[in-house]
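Asks: can you look at this prediction? I've put the sequence above it.
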Amino acid sequence: MSIHIENLSYSYKGQLGNTLSDINLKIEAGSTIGLFGPNGAGKTTLMHLMTGILKNNNGTITLFGSKVGARHKQTNNLFGFVPQDFSFYQELSPIENLQFFGTFYGLSKQKIAQRTEELLTVFGLTEVSKKPVSTFSGGMKRKVNLAIGIIHQPKIIFLDEPTVGVDVQSRCAIIDYIKKLNKQGATLVYTSHQLSEAEDICEKIVLINEGKIIAFEDISTLLAKHNEKNLENLFLKLSKETISNV
Amino acid sequence: MYKLWACIIKDVKLITRDWVGLSLMFVMPILLVIVITALQAGTFELVNENKVPLLIQNNDNDAISLELENTLEKIGIFKIIELDKKTSKETIAEKMKETEALVTILIPENFSTQVQHKVADFTKNTLQEFGLEAEKIPQNNNLLINELTLYYHPVLQESYRKNLLNAIRSAVQVVESKQIISTIYSSINETAMPDYILNNFETQQIHINEIPVSRDGSAVIPNASQHNVPAWTIFAMFFIITSLGSAVVKEKNSGSSLRLKTLPTNFLTTIFSKQITYLLVAMSQVFVIFSTGVFLFPFLGLPALNIPTDSVGLILVSLISGWCAVSYAIVVGVFSESQEQANGFGAISVVILAAFGGILVPKFAMPESFMFFLKISPMHWSLESYYGLFLEGGKFSDIVNNVIPLLLITIFLQIIAYVGLKKNNLI
């Protein structure tokens, strides 16, 4: 089991009610999971809990059997996180950023050098590898953001809207590489508002609304069950049902 | 340790690429220390080396008034400019407005005669008190002397004006005393007093030795550089806040900190790294500004900075002062919510701490009610420690009473920073 969440609830300080309630989830190793839901549904909160950025109030989260939240080298090296915001130092070059974060993942100098070269080549950043990232386009910055998150070849990759605001070419390059990582055995947990993109990448989806999981199944099964042709319609249908039930 | 080193390298790269921050931390303080020292050195020269122009309108032009002019010149602080008797008060006022001179003395008509009469009365009465005959001295009961008049420019500070007034009074006293002695002598001996006795009266005055109190016994007179360079170096170290305060906020609020939270590390590593890196910056500031004082100042016509003999003490004081400055910047960074907040509050608070700490305003000029604030300003303890080394020629053991409060304030700031990091869920 790659990710195992049991009876998870979370509320922010001073908040009435829970942002997330009674979340139970089992994600197999090597699978690709899409987290979807309207704005404020709790997707990012769930991802932040799974990565240990937030400390959960109730319940447990384990990654390959290791408990999340203790910032143990063993647990934190299991996953890579690609946040929606650019999470690097804009004044530094891609090489310098990769060296810095690689060191924090505990990689050796040789390994960092090898992975840096590989990733810069894959994302077509070799020519600009020594320029400050602040001078890059949005698409190039997204690539740097992704490269940092996967430099240590993690078993689980959390991707929070990794292609938001990028052009078609950059998006294709990023999606292709994500798929390649999955083929190599990495578990992907992915959020996006691009439902068509999600259909392309994900095997299973988790639909969250108002802090609760309203669906967790294979995309094809889910579409067949609800007699819908695409995720967009399915998502709208399920969201409405939840609201009317409330 | 390897992570801390990587963090330090990263921070050094970030600092060296921030030209605005670098100029605020290095260029601005150097310019400040040069300008302030030059201004203060200029004031010292004005008071100590340059003679004060003194306009004299002598409406008497007799022996005693000329003697008074002569004595005023001998005092050594005045440059006498004679005015014609016909010069009107308006013209004198005009000359003073044009700051040709800041002070003017008007000697009234018959001044010499009147002083002679006054002295004669005094001498006669004194001799009679001793039972000596003094019939030959004429009596001039209840004689009124036309007073000397002093005009001064309103820009003169009260203390400076009083200094000039005292100098003039002492000249008048010398003239009067000489006159009294001469009259007594001639009254007793029935001959004029020989010139050599009068000369002795002037040359054999009690000399006052002026020695600055120093711990090492050296009699080096402190100059504007000894005062200003350490003071403005402290200010520069604390002004690190403009770079470090916002760097902490940036690190805290940026996406990079979000990623760092997912790494098998602690935000404390980032904070330690910033402390070490900026402490190095503070030490570089000390080196650069002190070097400016030692090597560049003489080329600019300013007095050279004399480095204290206790170099270990100097390094220790600089290190603790730098650490305190860094700690303060980190506290401001940890509790600020935006870079603008950190910069604004940081810069203003440093200026206030400098004012309370005796850097902008001398300690002795502060009202008693401000003494509490003086003592809680880390800059005060830092300044006192530096002055102990630079001005008093002391050793580290002599200034340890100033270093301990500085160290305690630093530790207190570190605790506050730690609490802030905990509260913000950063560690």
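Replies: Received the coordinates, thanks. Residues are numbered from 1 along each chain as shown, chains lettered A, B, ... in the order given.
Asks: what ranges does the stretch 251-400 of chain B have for its helices?
Replies: Along the stretch 251-400 of chain B, counting by DSSP state H, counting those that start in this stretch, helices occupy B:255-261, B:267-291, B:311-335, B:339-356, B:371-376, B:378-390, B:396-423.
Asks: again with the stretch 101-250 of chain B
Replies: Here the stretch 101-250 of chain B has its helices, by DSSP H, counting those that start in this stretch, at B:111-129, B:158-189, B:195-203, B:224-238, B:241-253.
Asks: and these, which one's lowest on average pLDDT?
Replies: Note on the helices of the stretch 101-250 of chain B: lowest mean pLDDT is at helix B:195-203, with a mean of 72.
Asks: what's around the residue in chain B that chain A sits nearest to, how many residues?
Replies: With Cβ to the nearest Cβ, the shortest gap between chain B and chain A falls at residue B:255, namely 3.4 Å. In this view, the C-beta of every residue, glycine as well, is placed from N, C-alpha and C. Applying other Cβ atoms under 10 Å in any protein chain shown, we find 16 residues neighbouring residue B:255.
Asks: next: residue B:191.
Replies: 8.
Asks: equivalent analysis for residue B:200, please.
Replies: Around residue B:200 there are 11 residues (other Cβ under 10 Å).
Asks: repeat that for residue B:330.
Replies: 26.
Asks: got it, and residue B:338?
Replies: Residues lying near residue B:338 (other Cβ under 10 Å) number 12.
Asks: now do it against residue B:248, distance only.
Replies: 12 Å (Cβ to Cβ, to the nearest Å).
Asks: ok, residue A:7 next?
Replies: 37 Å.
Asks: between those two, who's got more neighbours?
Replies: Each of residue A:7 and residue B:248 has its neighbours counted (other Cβ under 10 Å); residue B:248 has more, 29 against 12.
Asks: contact partners for the residue nearest to residue B:246 when sequence neighbours are not counted?
Replies: Nearest non-adjacent residue to residue B:246, counting by Cβ to Cβ, 6 or more residues apart in numbering or on different chains: residue B:339, 4.0 Å away. By Cβ atoms under 8 Å, 6 or more residues apart in numbering or on different chains, the contact list for residue B:339 reads B:246, B:249-250.
Asks: please settle this for me: is residue A:38 part of a helix?
Replies: No: going by DSSP: H, G, I helix; E, B strand; the rest coil, the assignment for residue A:38 is coil, not a helix.
Asks: which pLDDT value belongs to it?
Replies: 79.
Asks: my read: it touches residue A:209, true?
Replies: Yes: contact criterion Cβ atoms under 8 Å: residue A:38 and residue A:209 qualify, at 6.7 Å.
Asks: returning to that earlier point: the residue nearest to residue B:246 and residue B:250: what is the separation?
Replies: 6 Å.
Asks: cool, residue B:351 as well?
Replies: 23 Å.
Asks: between those two, which is the more surrounded one?
Replies: residue B:250 (18 against 15).
Asks: residues contacting the more buried one?
Replies: Counting by Cβ under 8 Å, 6+ apart, residue B:250 has contacts residue B:339.
Asks: cutoff 10 Å now
Replies: Neighbour list for residue B:250: A:89-90, B:14, B:256-257, B:333, B:338-339, B:342 [criterion: Cβ atoms under 10 Å, 6 or more residues apart in numbering or on different chains].
Asks: and these, which is closest to residue A:159?
Replies: Nearest to residue A:159 among the contacts of residue B:250: residue B:256, at 17.5 Å, using Cβ to Cβ.
Asks: what is the neighbour count of that closest one?
Replies: For residue B:256, the count of nearby residues is 25 (other Cβ under 10 Å).
Asks: show me the contacts for it.
Replies: Contacts of residue B:256 by Cβ under 10 Å, 6+ apart are A:83, A:85-90, A:92, A:97, A:100-101, A:148, B:10, B:250, B:270.
Asks: okay, it: pLDDT?
Replies: In this prediction, residue B:256 has a pLDDT value of 74.
Asks: what's the answer for residue A:210, then?
Replies: 82.
Asks: where does chain B dip in pLDDT?
Replies: For chain B, the stretches with pLDDT under 70 are B:42-50, B:99, B:132-146, B:155, B:157, B:201-205, B:210-221.
Asks: quickly list the domain ranges of it.
Replies: Domain ranges of chain B: B:2-43+B:215-423, B:51-203, per automatic domain parsing.
Asks: who wins for proximity to residue A:165 among the ones you listed?
Replies: When those are compared by Cβ to Cβ, domain B:2-43+B:215-423 sits nearest residue A:165, at 14.0 Å.
Asks: and the end-to-end length of that closest one?
Replies: Domain B:2-43+B:215-423 has an end-to-end distance of 27 Å (criterion: Cα to Cα, to the nearest Å).
Asks: around chain A, which positions in chain B sit nearby?
Replies: B:2-7, B:9-11, B:13-18, B:250-251, B:254-266, B:269, B:425 (Cβ under 10 Å from any Cβ of the partner chain).
Asks: separate out the buried members of those residues.
Replies: Neighbour counting with 16 or more other Cβ atoms under 10 Å in any protein chain shown marks B:3-4, B:6-7, B:9-11, B:13-15, B:18, B:250-251, B:254-266, B:269 as buried within these.
Asks: if we can go back for a sec, just name the most buried of the helices of the stretch 101-250 of chain B.
Replies: helix B:224-238 (a mean of 26; mean count of other Cβ atoms under 10 Å in any protein chain shown).
Asks: what helices and strands are in contact with it?
Replies: helix B:28-48, helix B:267-291, helix B:311-335, helix B:339-356, helix B:378-390 (3 or more Cβ pairs under 10 Å, 6 or more residues apart in numbering or on different chains; DSSP states H and E).
Asks: okay, those in TSV with distance to residue B:68 next?
Replies: Supplementary listing: the helices and strands packed on helix B:224-238 in TSV, determined by distance: least, Cβ to Cβ, whole Å:
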stretch	distance to residue B:68
helix B:28-48	23
helix B:267-291	49
helix B:311-335	51
helix B:339-356	45
helix B:378-390	42
